[in-house]
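In: Starting from these lines, generate the structure:
(2 chains)
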2 protein chains.
Amino acid sequence: MMTPETTPAQPGHMNGLDVTAALATIDAIKADSSLGHFQFRARNTWISGGENRSRIRDFYGAGREDDSRSEPFTFTNGEPPVLLGNNEGANPVEFLLHALAGCVTTTFVLHATARGITIEHLSTELEGDLDVQGLLALDESVPAGYEQIRIRMDVKANCSEEELADLIAFTRQHSPVCNTVCRPVPVMLERKLDVTETVRTAV
Amino acid sequence: MMTPETTPAQPGHMNGLDVTAALATIDAIKADSSLGHFQFRARNTWISGGENRSRIRDFYGAGREDDSRSEPFTFTNGEPPVLLGNNEGANPVEFLLHALAGCVTTTFVLHATARGITIEHLSTELEGDLDVQGLLALDESVPAGYEQIRIRMDVKANCSEEELADLIAFTRQHSPVCNTVCRPVPVMLERKLDVTETVRTAV
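Out: Got it, this is the predicted structure:
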């Protein structure tokens, strides 16, 4: 199935974004920076081997719990046979590339729109190098994660080459997923205690 | 739809993993460390606004191009209305949480199996804090990415509390996505030049 590369223009819209709504959001956060705080969430259940499934629905942002999604999105992680799975889904490090591709794309579209640049075409190709000796703990000098990720962006837009180069550099600095990957971000991994059980015992 | 939390045991399998195949993989990489090098890939196309779609299929690993997937996996990024979208899909920072949840889970299952620990139940809940002032470039002192991510793991397995605590700490150190988030990983973002066009012009 082919996906459309361009979309019919709507009044007040640019690059498919509602410009009036975008400006209102930016003004609201400028007036009250606490509206910028978001908390995103995922709940995952192991199925078997390298297969597990996430549900994603609720989040907090712009000063309230979001209620726009009546049903959760569900996504299945799997592994290919060479990594002991049956291709039940893409694997987690591939989902990370999907997240990165999408974030760079959306950040580019947002800031292009803010600069009055119309995008004709935008696609990306990503490659990430990873040595599974890290995951397998075969060599503690090998990091478990990606060594490097490369993104090649194919873009056509109504601006000069210089503006395009500047926008690409700006996108790299302001994409949340790109920044999460480039910067050391603390991840706490804790065991959930069965509070229900404890409370029940106490009662 | 409920997902099964336990799976019937198969001969030679533990926690749904083929133990013989796992040991053969580890031995092969020990004998030739170049087999540990993997390259994962994604191709993404912008649709409109905050909507874009990735295709994920081929990768290189264990010394060859993988051919186990006849069709690509496809995933759609979207944004909720409060972030100027129509919930076309989960958003990129949520997909990052899905990737992280799945990677921590699979890494735990792999090393539990290596230690002879049978898992009865494994689920995780993730929360990530993010200030969109970074994305919007409203305050350059605010990082664009996650400030912190918390994972609560609910696990039941046939081992002592000490073994479980050690396995959780080991998982955090050896999960590729967790390591990619915790550690600064270089991301190159470059513009793709239209080589086809250049070649065609040259011919």
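
In: Low-confidence stretches in chain A?
Out: For chain A, the stretches with pLDDT under 70 are A:1-9, A:194-203.

In: got the residue ranges for the helices in it?
Out: A:19-31, A:92-114, A:161-174, A:176-182, A:195-202 (DSSP state H).

In: Could you give me the buried positions within the second one?
Out: Which is helix A:92-114. A:92-114 (16 or more other Cβ atoms under 10 Å in any protein chain shown). C-beta coordinates here come from the backbone N, C-alpha and C atoms, glycine included.

In: ok, and which of the residues you listed reach chain B?
Out: A:92-107, A:109-111 (Cβ under 8 Å from any Cβ of the partner chain).

In: Tell me which residues of stretch A:149-161 come out buried.
Out: Under 16+ other Cβ under 10 Å, the buried positions of stretch A:149-161 are A:I149, A:R150, A:I151, A:R152, A:M153, A:V155, A:A157, A:C159.

In: Isn't the fifth one up against B:V187?
Out: No: the pair formed by A:M153 and B:V187 falls short of the contact definition of Cβ atoms under 8 Å, at 12.0 Å.

In: Pull up the gap between A:S123 and B:P92, please.
Out: In this view, A:S123 and B:P92 are 15 Å apart by Cβ to Cβ, to the nearest Å.

In: Distance to B:S34 added to the helices of chain A, as CSV?
Out: Listed next are the helices of chain A as CSV, based on distance: least, Cβ to Cβ, whole Å:
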stretch, distance to B:S34
helix A:19-31, 49
helix A:92-114, 19
helix A:161-174, 31
helix A:176-182, 25
helix A:195-202, 48
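
In: of all those helices, which lies closest to A:F40?
Out: helix A:176-182 (9.8 Å; Cβ to Cβ).

In: Centre of the chain to the closest one, how far?
Out: Once both centres are worked out by Cα atoms, centre = their mean, to the nearest Å, helix A:176-182 turns out to sit 9 Å from its chain's centre.

In: For A:K30, give me its contacts.
Out: By Cβ atoms under 8 Å, 6 or more residues apart in numbering or on different chains, A:K30 lies in contact with B:L138.

In: Please report the distance of it from A:S48.
Out: 49 Å.

In: Same check on A:K156?
Out: 45 Å.

In: A:D27 too?
Out: In terms of Cβ to Cβ, A:D27 sits 50 Å off from A:S48.

In: Same question for A:T171.
Out: Taking Cβ to Cβ, one finds A:T171 at 39 Å from A:S48.

In: Leaving aside the residues adjacent along the chain, what's closest to the residue nearest in space to the middle of chain A?
Out: For chain A, the residue nearest the mean C-alpha position is A:A99 (3.5 Å; Cα atoms, centre = their mean). Residue nearest to A:A99 in three dimensions, not counting chain neighbours: B:F95, with 3.8 Å by Cβ to Cβ, 6 or more residues apart in numbering or on different chains.

In: What of A:R41?
Out: Nearest residue to A:R41, sequence neighbours excluded (Cβ to Cβ, 6+ apart): B:E127, at 5.4 Å.

In: go on, A:D154?
Out: Closest residue to A:D154 apart from its sequence neighbours, by Cβ to Cβ, 6+ apart: B:K192 at 4.3 Å.

In: so the one you found touches A:L126, yeah?
Out: No: using Cβ under 8 Å, B:K192 makes no contact with A:L126, being 11.4 Å away.

In: What residues does the residue nearest to A:R41 make contact with?
Out: A:Q39, A:F40, A:R41, B:I149, B:R150.

In: if we take those residues, which one ends up nearest to A:T20?
Out: A:F40 (25.6 Å).

In: list the contacts for the closest one?
Out: Neighbours of A:F40 in contact, by Cβ under 8 Å, 6+ apart: A:F59, B:N91, B:V93, B:E94, B:L97, B:E127, B:G128, B:L130.

In: ok, so what distance separates the residue nearest to A:A99 from A:A28?
Out: On the measure of Cβ to Cβ, B:F95 and A:A28 end up 26 Å apart.

In: Please apply the same query to A:V181.
Out: Using Cβ to Cβ, we find A:V181 at a distance of 29 Å from A:A28.

In: The nearest residue in space to A:R69 that is not next to it in sequence: how many residues sit nearby?
Out: Of all residues not flanking A:R69 in the chain, A:R57 sits nearest, at 4.9 Å (Cβ to Cβ, 6+ apart). Using other Cβ atoms under 10 Å in any protein chain shown, A:R57 has 19 other residues around it.

In: check contacts around the closest residue to A:S175 other than its chain neighbours.
Out: With sequence-adjacent residues excluded and distances taken as Cβ to Cβ, 6+ apart, A:S175 is closest to A:T107, at 4.1 Å. Residues in contact with A:T107 (Cβ under 8 Å, 6+ apart) are A:T171, A:H174, A:S175, A:P176, A:C178, B:L135, B:A144.

In: what do you get for A:E65?
Out: A:D58, A:F59.

In: A:V177 touches A:V104, doesn't it?
Out: Yes: contact criterion Cβ under 8 Å: A:V177 and A:V104 qualify, at 7.4 Å.

In: roughly how far apart are A:H37 and B:D129?
Out: Distance from A:H37 to B:D129, by Cβ to Cβ: 7 Å.

In: Show me which of these two is the more surrounded one.
Out: More crowded of A:H37 and B:D129, by other Cβ under 10 Å: A:H37, with 17 against 14.

In: Cool, thanks, talk later.
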